[in-house]
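> please work out how this folds:
(2 chains)
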Amino acid sequence: MTSTPLVDRTTTVAARATDLSKVYGQGETQVVALDRVTVDFQQAQFTAIMGPSGSGKSTLMHCVAGLDSFSSGSVRIGDVELGSLKDKQLTKLRRDRIGFIFQAFNLLPTLTALENITLPMDIAGRKPDKAWLDTVIQMVGLSGRLSHRPSQLSGGQQQRVAVARALASRPEIIFGDEPTGNLDSRSGAEVLGFLRNSVRELGQTVVMVTHDPVAAAYADRVIFLADGRIVDELHEPSSEAVLDRMKRFDAKGRTS
Amino acid sequence: MFRTALRNVLAHKARLLMTVLAVMLGVAFVSGTLVFTNTISEAYQKSSAKGLDQVDVAIRPEGRASHGDTIAKQPRLTPELLDKAAKAPGAGTAIGVVSGFTAIADKDGKLIGGDFQSQGGNYWGTEDPRYPIVDGHAPQGQDEVLVDSETAKRAGYKVGDTVRLSIDGPVLTPKVAGVFTTDDGNVAAGGSLALFDTATAQRLFHKDGSYDEIDVKAASGTSQIALRNALDETLPKDVASTTTGKQLADDQAQQIAAATRDLRTGLLVFAGIALFVGTFIIANTFTMLVAQRTKELALLRAVGASRRQVTRSVLIEAFVVGAVAAVTGLVAGIGIGAGLRTLVSRFGGTIPDGPLIVSPGTVATAFAVGILITMLAAWLPGRRAAKIPPVAAMGSLHAKATAKSLLLRNTIGALLASAGVAVILYSTTLNASDAQGPMGLGAAILVIGVFVLTPLLSRPLIAAAAPLLRVFGVAGKLARQNSVRNPRRTAATASALMIGLTLITALTVMAGSLQTAIDKMASSALKADYAVTMANGNDLSPDVEKRLKSADGVIATSPLRNAPSRINGETEFLTGVDGATIGKLTALAVDAGTFEVGGTRVVVDHDTATSHHWTAGSRFTVSYEDGKKQQLTVAGVYRSTEMMRGIMLDTATLAPHQTEPSDMQVLVKTSGGATASAKDALVKALGDNPAIRIMDKKDISNRIGQMFTLMLNMLYGLLAMAVIVAVLGVINTLAMSVFERSQEIGMLRAIGLDRRGIKRMVRLESLVISLFGGVLGVGLGVFFGWAAGELLGTKLATYELILPWGRMAVFLLLAATVGVLASLWPARRAARLNMLTAIKSE
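Residues are numbered from 1 along each chain as shown, chains lettered A, B, ... in the order given. Below you'll find the model as predicted:
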């Protein structure tokens, strides 16, 4: 399934994009969403991707997560090169090795909280690891609400179910697309706390796209995108540091 | 508001497509029916009017009723009467008309035309103005005949050829003396007409020198009415009745109109069913459109539109949709009308030529039906739209559809359904004629009750399918849950399919049970190997039985001879049988006495015996057609069958009182049973006559079966329309579901459900909904079939409910196929959904 690696394989890299480009349209109307981006996502690390709107941060995540195709370059999840995969193989890869948390429309309204959590494993036809499942459910504090349907849960609780779903199948990497975008600040803080704990305590790898400096401050590392390129990177940032960095984009936006 | 509505229609073109198609099909069916029936009615009327060109006044024998113990003799139109008519003031020429059944065989010995359209008549004198001869000359004697040009062309007969004819059994082989053209309606409709000279025709048709009708042409300058008045004065009133040609044409026109009206009503019932099914689709579509536009409609309300304006905007949309459907439906309907005409002529029935009639009434009906049905179905969703509060415009997401309680609906449904069942059960206890009304009413109430209840029924019935769906893993589980997610919509979709299947199943159950019952009756009481009849059911000459009796291998024969009589002041038809052999030919169940026919001893069927209060040993007096009386004794009472009923007496007893005996059929028993060689011997004995049908028991059942099969197939064809509309409904519902759930589907794809899984999920949902409708339909159909059978059972002793399991399985399979086919496109769409746009939040 894999070709010879282009870059040295290091056990600590969960996902890697190399010279990744994504171009929409052709000729005059051509828009470059990603411009030769090269980035590693380390294992057991919480990475936040930030940038002004239109910077390509969501596109980067979609391409690395196997949700979107790219124009050139390469993307690997573990030792699998995504560029050569067909839709079916990509689907299987997402199912077995990747977890997702979206901003909204995250859960199936017809399923109970527990059924939603085990959905990826149901799709794969696998039995969930009972002990692990209990650990995850304990961690997100949903023990009492497993038989509830999404409509009976608050927005924060729904997103906790989504976090549990992403964790339950022990994926190699979890991608979050503005996971706190629809939540109030307290619920958002809870969800981010769970994600950070999963990285610290369970060794999970998490990559999250956000535009909220407070959310980004939970991450171990923040990368900044502008015009489809990585322009900066912060380690162990504070929200003030992130906010400062973001303000420079705004200033640049105004002067240019 | 109108502009907004119009923009909405254009914006939702694709989603309204199924609705337009559904309404269009209904309208096309309605207008096709109208175009077709108007066209054939007009064509027949024109052709019959042409056929009456030569008749200014028609003289027919005056009808007389029997009374007391005497059987009325119909007066005859004698040659003297004809002379008198011809000499009446104002009369031009007078022609005596003789007609009867005449079968013509083609060169291969097969009957030309249908069983009932083979006519014979007389050629008047040397030049009959009714039938211009195009080739050859007028017929002379029994060895010459004229055939109509259509038949000559079809069979390839030319002047000088020998043709095989039969009138009541014996074969005639005259030469074709000539070929004539005619406007005769029967010929125009695909029948054949053979003409003999008048004397020969009178003899062959047993007219004893008289005429069936005298047609008088007025001298120039005399009106039809003046001529009729003159004839009324000249002719004896108690013998002849006169009718003007115009009156005849009007009567015929009315008859044709009545006949086509029945056909039209029948077809329109099915069109109505299709339209009724269509309303569910319309209601579903508009409900969804309103739900999707909640925010938009709330915005309209917020900026000052009144509730009425919102409702009106929805109704205007419905109007536009209905109008588009009506126009396309009308065009399609005209096509259907033209197609039906071609189809009918392709299958042997010739319809006279004529233009396609699209009357203003047809156009008006098409528009009224299309627009009204659509607006009516959209009315409830429109009202719901008006109830959207303006504040809904401020919500960030789609306002969640409030799961309004189904409690009221379920209560009403349960009440209606149980009332319907109660009325039907009650009506099965009534006698057949009283029960029809209540049973129909009960059926209607029950169907409506089940409609109302379908959302409630959907949960347990679909849950019952869960074990099967589990095989399909997650896709099956999601499909099941999706299908009960919007019970109202699922119910409306399934109901649309239910109606068609209910009717189809009920008809199949009834027809199957009836056929078996009649079959049993026909063959169980028959020991004869063959029943011989005329192809069209006309009477046979007694000569036929004589020939059969002498055929090789024949050991017993008996005629079933029909003779009118008066008993206790009522007309009763006696059946003359051969008393010596009838016991070997039949095995009728005897209720009382013995089955013994001979001399004055007769057997009577149960019903007749009951109505006259006779039992075995009773005596009664019969008046024969010649006026003579005789006392007869009831030897036994038997159970009647479809073939044999009434009072049976020996032909020897009957013979002295009949001048021209004729047989309905002849029963034959052969030494070796029904074999090919035995049948060949009979065919040979009858001179290889195409007009006579020799049927063994299997042929008899087949003939009965054929009737049912033909009827069922026609009804299946018509009901297929309702099923097609239901398919559109399933497609519509699925397309809506896929559209509404695109975000969920995107999420499922993202977390690892592959395209096949998505497709399977949609397909299974469709299958579940369709099978739900199918199960309801088949269940209801069986119940209706059972109830109707309870009524029939009182009339038919051998009736018992037979459940056509095979057919029912086919119907469920059909429902499943409908589900799978309907889901093809929506499932493809769902699998192709762009994941990223689907999961992107607002």
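> count of neighbours near B:I555?
13 (other Cβ atoms under 10 Å in any protein chain shown). In short, each C-beta sits where N, CA and C put it, glycine included.
> OK, contacts around it?
Contacts were defined as Cβ atoms under 8 Å, 6 or more residues apart in numbering or on different chains; by that measure B:I555 touches B:K584, B:K669, B:T670, B:S671.
> what about the closest residue to chain A within the stretch 451-600 of chain B, neighbour count?
Relative to chain A, the nearest point of the stretch 451-600 of chain B is B:Q481 (3.7 Å; Cβ to the nearest Cβ). The local packing of B:Q481 (other Cβ under 10 Å) involves 18 other residues.
> got the contact list for the nearest residue to B:D168 once chain neighbours are set aside?
Take B:D168 and drop its neighbours on the chain: the residue closest to it by Cβ to Cβ, 6 or more residues apart in numbering or on different chains is B:S541, 4.3 Å away. With contacts taken as Cβ under 8 Å, 6+ apart, B:S541 has the following neighbours: B:D168, B:G169, B:P170, B:S662, B:D663.
> ok, now A:R149?
A:P109, A:T110, A:L111, A:T112, A:A113.
> who wins on neighbours among the residues you listed?
Among these, A:A113 has the most neighbours (other Cβ under 10 Å), with 23 neighbours.
> tell me where the stretch 51-200 of chain A has strands.
In the stretch 51-200 of chain A, the strands defined using DSSP state E, counting those that start in this stretch lie at A:72-77, A:80-81, A:98-101, A:173-177.
> chain B: which of those is closest?
strand A:98-101 (5.3 Å).
> near chain B, anything from the closest one?
Yes: judged by Cβ under 8 Å from any Cβ of the partner chain, strand A:98-101 and chain B are in contact via A:G99, A:F100.
> which SS state does B:I59 fall under?
Three-state call for B:I59 (DSSP: H, G, I helix; E, B strand; the rest coil): strand.
> same question, the one 5 residues further on
Secondary structure, three-state DSSP: B:R64 is coil.
> my guess is it contacts B:P75. True?
Yes: with contacts counted by Cβ atoms under 8 Å, B:R64 reaches B:P75, the gap being 7.2 Å.
> more crowded one of the two?
B:P75 (18 against 13).
> just the pLDDT for B:V176.
According to the predicted model, the pLDDT of B:V176 comes to 92.
> what sits against it?
Contact criterion Cβ under 8 Å, 6+ apart gives B:136, B:144-147, B:152, B:157-163 as the residues in contact with B:V176.
> buried members of these into ChimeraX, please.
Of these, the buried ones can be selected in ChimeraX as follows, counting by 16 or more other Cβ atoms under 10 Å in any protein chain shown:
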select /B:136,144,145,146,147,152,157,159,163
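> quick one: pLDDT of the spatially most central residue of chain B?
Most central in chain B under Cα atoms, centre = their mean is B:M711, positioned 5.8 Å from the mean C-alpha point. What the model reports for B:M711 is a pLDDT of 80.
> sorry, back to before: how about JSON lines for the contacts of A:R149, with pLDDT and distance to B:G752 added?
Formatted as JSON lines, these follow (pLDDT from 0 to 100; distance: Cβ to Cβ, whole Å):
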{"residue": "A:P109", "pLDDT": "85", "distance to B:G752": "19"}
{"residue": "A:T110", "pLDDT": "86", "distance to B:G752": "18"}
{"residue": "A:L111", "pLDDT": "88", "distance to B:G752": "15"}
{"residue": "A:T112", "pLDDT": "91", "distance to B:G752": "19"}
{"residue": "A:A113", "pLDDT": "92", "distance to B:G752": "19"}
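> among those, name the ones in helices.
Secondary-structure check on the contacts of A:R149 using DSSP state H: residues within helices are A:A113.
> and chain B, which of the contacts of A:R149 contact it?
Taking Cβ under 8 Å from any Cβ, the overlap between the contacts of A:R149 and the neighbourhood of chain B is A:P109, A:T110, A:L111.
> wait, which of the contacts of B:S541 is closest to chain A?
Distances from chain A to the contacts of B:S541, taken as Cβ to the nearest Cβ, are shortest for B:D663 (73.7 Å).
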